[in-house]
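Participant: Got a predicted structure here, sequence first:
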Number of protein chains: 2
Amino acid sequence: MTKVLIFGHQNPDTDAIASAISFAYLQNKLGVNAEAVALGEPNEETAYALNHFKVDAPRVVESCANETTQVMLVDHNEAQQSVGDIKELEVLAVVDHHRIANFETANPLYYRAEPVGCTNTIILKIFKEHGVDIPKEIAGMMLSAIVSDSLLFKSPTCTDEDVKAAKELAEIAGVDLESYGLEMLKAGTNLSTKTAVELINADAKTFPMADKSVRIGQVNTVDVNDVLSRQSELEEAMAKENADNGFDLFVLVITNILDSDSVILVVGEPKEKIETAFNVTLENNTAELAGVVSRKKQVVPPLTNAFNA
Amino acid sequence: MTKVLIFGHQNPDTDAIASAISFAYLQNKLGVNAEAVALGEPNEETAYALNHFKVDAPRVVESCANETTQVMLVDHNEAQQSVGDIKELEVLAVVDHHRIANFETANPLYYRAEPVGCTNTIILKIFKEHGVDIPKEIAGMMLSAIVSDSLLFKSPTCTDEDVKAAKELAEIAGVDLESYGLEMLKAGTNLSTKTAVELINADAKTFPMADKSVRIGQVNTVDVNDVLSRQSELEEAMAKENADNGFDLFVLVITNILDSDSVILVVGEPKEKIETAFNVTLENNTAELAGVVSRKKQVVPPLTNAFNA
Ligand SMILES: [Mn+2]
Ligand SMILES: [Mn+2]
């Protein structure tokens, strides 16, 4: 039997890396010869968690068909987010919490998706269904993923099941959920080493709205002013991205993970759609959005509505 | 809240109908306002099971968007096997045991697939995970689905989990698994009311092999000679289908569900590929295939290999 490779999406976040580690551990316990790999290096937040729980970062791969024929996908399913040669591989299993799209198999497979806040919340269930104990360091990584995806339970994508799973995993991992979680999130907010271009593009996605192209990026921080102190440099980079890529409007959502508010910085037109969408008045291209932390649930929908009104 | 409609595939078999009934029962217990419907009338086998357990046949619908916005799919996922207006509906959940293809959602959803022999084997697990008791008549329908999809455990698609689930459900339903199962399968083999064209097309699928188009149909029976007594009428119908649709070769697999053997009846060319594939000599256009019951696992692969050799 060849080795089954298990991996999360490209540009891996903590859930993508931790899901691969936890699901590969489970598969090995179930008798599958599996290895967790990753489609990129861990970010600083993930590196903090790996270091804390003394877990090795998964080996980074660029392709899989050169070493195996069978894979399992975690925290994603869409082909364009997956390994480049996914079409040449047989997908044996998927565990995910995203929509399903651009995904197709030739054979029946194991597919487990639920509309919860984190893939590791589902993986915890699967561990229980098989009666497999979770070692301390694996529980720590799973917990870190839930904290990351839910912004310590502040994101509207977080469900009761995620909170319950995180508490249970913190117990096994032997950490204080709140204090560990906050330290880990803070470790991911070290923005000083990033250039303005890196900062605005980390996590940015493009959304067509009416006849405009809107680019929305997001950065997490513990001090919004830390980011805003680089405003002119950021605006310059955003204007250049707009010009180079045909974006009409660039919105950078700067999220304070401590008080769960955001400030948006806006470059391009039509700015009045921003003011309508969030019922704010832009001052010096910025506005405070109280209670907003989720792009998917709190930024894209009102902005889409404003464009379509 | 509008009512959530739950249904299996077009041309429903016993698993498609029973999955809708059992999963709708579970969803209602979980607080969802759900109704089992069907994309066609029950076949004779399914009608036997419904009658035996005194369960009403689900209402047949041709579209859903006229009465709801949200649906759950069982025993299928591919759009072309689903309700005609599937693209206008939000899919909240899928429970299935087939490959995934031509399926896409805008939102995260509940998706549960496992490579087992029957959808109801998976639904039984979900009942247990939620600690919901299964009423006698629902257990009877679930059991009937497993017997149907596995040909009373004789199909190579059947797994240990399917056998275990069926035994457990027979206990709840209060029936003798073997005798009830055989009676139900026999009820589905009443071929006398079918025309030759209906018979060869029931369940037929087209497979491109090398540069040829091969049509393969399958009928279940308790007496192969009963079917073969109509050989000349069947051959005539098969030849006409070939001519009308450009098929090169038509293979009718006549499966004896009692002894789990099949006889094939072949019209068209190249017949020698049949002889190579199954290591048989055709006599009067027929050959016995000992132990063959599954088109998917035992007919298509060797025939494909013979064409590609
Ligand atoms: Mn995730
Ligand atoms: Mn089925």
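Facilitator: Received the coordinates, thanks. Numbers count the residues shown, from 1 in each chain, chains lettered A, B, ... in the order given. Ligands and ions are numbered 1, 2, ... in the order given.
Participant: what domains does the record give for chain A?
Facilitator: A:4-189, A:196-308 (the TED database).
Participant: most packed of these?
Facilitator: domain A:4-189 (a mean of 20; mean count of other C-beta atoms under 10 Å in any protein chain shown). Using the backbone N, CA and C atoms, a C-beta is placed for each residue, glycine as well.
Participant: From one end of it to the other, what's the distance?
Facilitator: Chord length of domain A:4-189, first to last residue, is 34 Å (C-alpha to C-alpha, to the nearest Å).
Participant: Figure out how far it is from the centre of its chain.
Facilitator: With C-alpha atoms, centre = their mean, to the nearest Å as the basis, domain A:4-189 stands 11 Å off its chain's centre.
Participant: so what's the closest residue to ligand 1 within the stretch 201-309 of chain A scoring on pLDDT?
Facilitator: Proximity of the stretch 201-309 of chain A to ligand 1 (C-beta to the ion) peaks at A:Lys296, 11.5 Å away. If you check A:Lys296, the pLDDT there is 81.
Participant: do A:Val224 as well
Facilitator: 93.
Participant: wait, it sits on A:Val263?
Facilitator: Yes: taking contacts as C-beta atoms under 8 Å, A:Val224 lies within contact range of A:Val263: 5.0 Å.
Participant: Identify the contacts common to these two.
Facilitator: Residues touching both A:Val224 and A:Val263 by C-beta atoms under 8 Å, 6 or more residues apart in numbering or on different chains: A:Ile254, A:Asn256.
Participant: Shouldn't A:Gly217 be within a helix?
Facilitator: No: read with DSSP: H, G, I helix; E, B strand; the rest coil, A:Gly217 is strand and lies in no helix.
Participant: does it really touch A:Asn201, like I thought?
Facilitator: Yes: contact criterion C-beta under 8 Å: A:Gly217 and A:Asn201 qualify, at 6.5 Å.
Participant: sorry, back to before: and the domains of chain A as CSV, adding distance to B:Glu88?
Facilitator: Formatted as CSV, the domains of chain A follow (distance: least, C-beta to C-beta, whole Å):
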stretch, distance to B:Glu88
domain A:4-189, 17
domain A:196-308, 19
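Participant: Of all those domains, which one comes closest to B:Asn285?
Facilitator: Of all the domains of chain A, domain A:4-189 sits nearest to B:Asn285, with 32.0 Å by C-beta to C-beta.
Participant: Chain B contacts on the stretch 51-200 of chain A?
Facilitator: A:97-115, A:129 (C-beta under 8 Å from any C-beta of the partner chain).
Participant: quick one: which of those sit in strands?
Facilitator: Judged by DSSP state E, those include A:Tyr110, A:Tyr111, A:Arg112, A:Ala113 as members of strands.
Participant: so the last one touches B:Thr105, yeah?
Facilitator: No: proximity of A:Ala113 to B:Thr105 does not meet the contact threshold set by C-beta under 8 Å, at 9.5 Å.
Participant: Overlap of the contact sets of those two?
Facilitator: Common neighbours of A:Ala113 and B:Thr105 (C-beta under 8 Å, 6+ apart) are A:Ile100.
Participant: got a pLDDT number for the residue nearest to A:Ser148 when sequence neighbours are not counted?
Facilitator: Nearest non-adjacent residue to A:Ser148, counting by C-beta to C-beta, 6 or more residues apart in numbering or on different chains: A:Thr14, 3.8 Å away. Looking at A:Thr14, its pLDDT stands at 96.
Participant: Check the spacing between A:Thr14 and A:Glu41 real quick.
Facilitator: 13 Å (C-beta to C-beta, to the nearest Å).
Participant: Which secondary structure elements does whichever strand or helix holds A:Ser262 sit against?
Facilitator: Using DSSP states H and E, A:Ser262 sits in strand A:261-268. Strand A:261-268 sits against helix A:224-228, helix A:231-245, strand A:249-256, helix A:271-278, strand A:286-289, with contacts defined as 3 or more C-beta pairs under 8 Å, 6 or more residues apart in numbering or on different chains; DSSP states H and E.
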